[in-house]
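Participant: Quick one, what's the 3D model for this:
(one chain, ligands or ions: 1)
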Amino acid sequence: MALKYIDEYRDGALARQLLAQIKKRCAHLGPMRFMEICGTHTVAVFRSGLRPLLPSTMELVNGPGCPVCVTATEDIDKAVWFASQPGVVTASFGDLLRVPGSRTSLAEERARGADVRMVYSATDAVDLAREHPDRHVVFIGIGFETTAPTVAAAMVVADRLGLENFSVFCVHKVLPPAMEALLSSGEFHLDGFLCPGHVTTVIGAKAYEDVARRYRMPCVVTGFEPLDILQGLLMLAHQCAAGDARVEIQYRRGVTWEGNTAAQELMARVFRPADAVWRGLGLIPGSGLAIRDDWARFDAAKRFSVPSLSVREDPACRCGDVLRGALRPTECPLFRKVCTPQNPKGPCMVSSEGTCGAYFKYHYDGSDPDVEEKY
Ligand code: SF4
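Facilitator: I've put the predicted structure just below:
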């Protein structure tokens, strides 16, 4: 399928053809459970209305691919702590501001008078530091391999400008170790991963080879338009039928096997691998990025003496289970009754890529009606 324009990736007739192929393929297979790792996929599946059109034997579960959602409460608390420091401007992406920490959020602290700024990029935060030489700007660096190179680039720019009043609180994470952690937990059965298109533009499809080989897990790197997703699911179903466990690229217009080597080099220059705590998954070795020692002057965790903070999780919020694909948002007792986008009790309802927010926005009730008869 060689398409050129974005509208073609939303073509109804082609979508029906792909759905028919998926149905034909699934007719000879048992139940299959595929995880869409990426929060953007979760939202794209809802937005395009694909979910109820899939055969009832093909289940989609949501994974830990929303960086705001997987940020641990302790890290949110530390971000809030930075905001409480005199002379500090705390800058972050908008979604993070409303995520509840143990006691409060960055947005609540801003309402109380803290200087918390929403920015669209890390370089916006560098600009803030240039404009306010009398203040120290702490940028909260969250995100996967898609965002990390841009934060590394901002640190390089800050270095060239000789800025002394800019630093990064680094809570970046990398996805492949989290996929391995999910599989090695043995908590539930999966038949394949719909791998994230954006992250893979940077890390390259080869990054999933270990997951595919070690766990015999089909992996298809997939784009975000309806036809991309349907084709990605068909490729996964074909692998299941053939008993294969390979890495394939559906999203060829954006992804290569090697990825963006310039971005990889930039990340390696500024960051080193580190262990990281993920909401819902706990401590995963090698799943985070830390700022290298030779860039320590831009490391907010080293520039400031962050105290150890007592963390309080809301026991009623089931975001951890949602992020592992172990629970649907509709099974959380707070969903829609107490927890809404206006009054979020957990990050999965706050984030634009959060599973709970997607279920809420698209009025999804958690049941996939069997509509096979329609096709
Ligand atoms: Fe957390 Fe709200 Fe989702 Fe429940 S519905 S898991 S409280 S974000």
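Participant: Show me which residues of the stretch 201-350 of the chain sit near the ligand.
Facilitator: Counting by Cβ under 6 Å from any ligand atom, the residues of the stretch 201-350 of the chain lying close to the ligand are 317-319, 322, 329, 332, 334-335, 339, 345-346, 348-349. Any C-beta I mention is one placed from the backbone N, CA and C, and that applies to glycine too.
Participant: Need the pLDDT of the one residue in the chain that gets nearest to the ligand.
Facilitator: When scored by Cβ to the nearest ligand atom, the chain has Gly346 as its residue closest to the ligand, at 2.7 Å. The per-residue pLDDT reported for Gly346 equals 93.
Participant: ok but Ala326 is inside a strand, no?
Facilitator: No - read with DSSP: H, G, I helix; E, B strand; the rest coil, Ala326 is coil and lies in no strand.
Participant: What number of residues are in the vicinity of it?
Facilitator: Using other Cβ atoms under 10 Å, Ala326 has 16 neighbouring residues.
Participant: List the contacts of it.
Facilitator: Taking Cβ atoms under 8 Å, 6 or more residues apart in numbering, we find Ala326 in contact with Glu187, Phe188.
Participant: Tell me which residues of the helix or strand encompassing Met235 come out buried.
Facilitator: Per DSSP states H and E, Met235 falls inside helix 226-242. For helix 226-242, a neighbour-count test (16 or more other Cβ atoms under 10 Å) marks 226-240 as buried.
Participant: How about stretch 202-212?
Facilitator: Buried residues in stretch 202-212, defined by neighbour count with 16+ other Cβ under 10 Å: Val202, Ile203, Gly204, Ala205, Ala207, Tyr208, Val211, Ala212.
Participant: Repeat that for stretch 243-250.
Facilitator: Under the neighbour-count criterion of 16+ other Cβ under 10 Å, stretch 243-250 has Ala245, Val247, Glu248, Ile249, Gln250 buried.
Participant: Any idea how many residues pack against the residue of the chain closest to the ligand?
Facilitator: The tally of other residues near Gly346 (other Cβ under 10 Å) stands at 28.
Participant: shouldn't it be in contact with Pro315?
Facilitator: No - if you go by Cβ atoms under 8 Å, Gly346 and Pro315 don't touch, sitting 11.4 Å apart.
Participant: residue contacts, Ile37?
Facilitator: Ile37 neighbours (Cβ under 8 Å, 6+ apart): Gly63, Pro64, Gly65, Leu175, Met179, Phe193, Leu194, Cys195, Pro196.
Participant: I should have written Gly259 there, sorry.
Facilitator: Neighbour list for Gly259: Thr200, Thr201, Val202, Ile203, Gly204, Ala205, Lys206, Ala207 [criterion: Cβ under 8 Å, 6+ apart].
Participant: What does it show for phi and psi?
Facilitator: Main-chain torsions, Gly259, degrees, to the nearest 10: phi 80, psi -170.
Participant: excluding its backbone neighbours, what's nearest it?
Facilitator: Gly204 (2.7 Å; Cβ to Cβ, 6 or more residues apart in numbering).
Participant: try Arg25
Facilitator: The shortest distance from Arg25 to any non-neighbouring residue, by Cβ to Cβ, 6+ apart, is to Ala237 (4.5 Å).
Participant: In terms of pLDDT, where does that neighbour sit?
Facilitator: pLDDT recorded at Ala237 is 96.
Participant: Same check on Pro100?
Facilitator: Looking at Pro100, its pLDDT stands at 93.
Participant: Would you check that it makes contact with Met349?
Facilitator: No - using Cβ under 8 Å, Pro100 is not in contact with Met349; the gap is 9.8 Å.
Participant: What's the local residue count around Pro100?
Facilitator: Residues lying near Pro100 (other Cβ under 10 Å) number 22.
Participant: show me what contacts it?
Facilitator: With contact taken as Cβ under 8 Å, 6+ apart, Pro100 is in contact with Ile76, Asp314, Pro344, Lys345, Gly346, Pro347.
Participant: let's see it at 10 Å
Facilitator: 73, 76, 80, 106-108, 313-314, 317, 344-347, 349-350 (Cβ atoms under 10 Å, 6 or more residues apart in numbering).
Participant: Just the ones in strands from those, please.
Facilitator: Judged by DSSP state E, strands contain none of these.
Participant: pLDDT below threshold where in the stretch 251-375 of the chain?
Facilitator: 366-375 (pLDDT under 70).
Participant: so where's the longest strand in this structure?
Facilitator: For the chain, the strand that runs over the most residues, judged by DSSP E, is strand 282-291.
Participant: Determine the next helix or strand in the C-terminal direction from that strand.
Facilitator: The first helix or strand that comes after strand 282-291 along the chain, using DSSP H and E, is helix 300-303.
Participant: Which positions within that next one qualify as buried?
Facilitator: Residues of helix 300-303 classed as buried: Ala300, Ala301, Arg303 (neighbour count, 16+ other Cβ under 10 Å).
Participant: got it, and stretch 157-167?
Facilitator: Under the neighbour-count criterion of 16+ other Cβ under 10 Å, stretch 157-167 has Val157, Ala158, Leu163, Asn165, Phe166, Ser167 buried.
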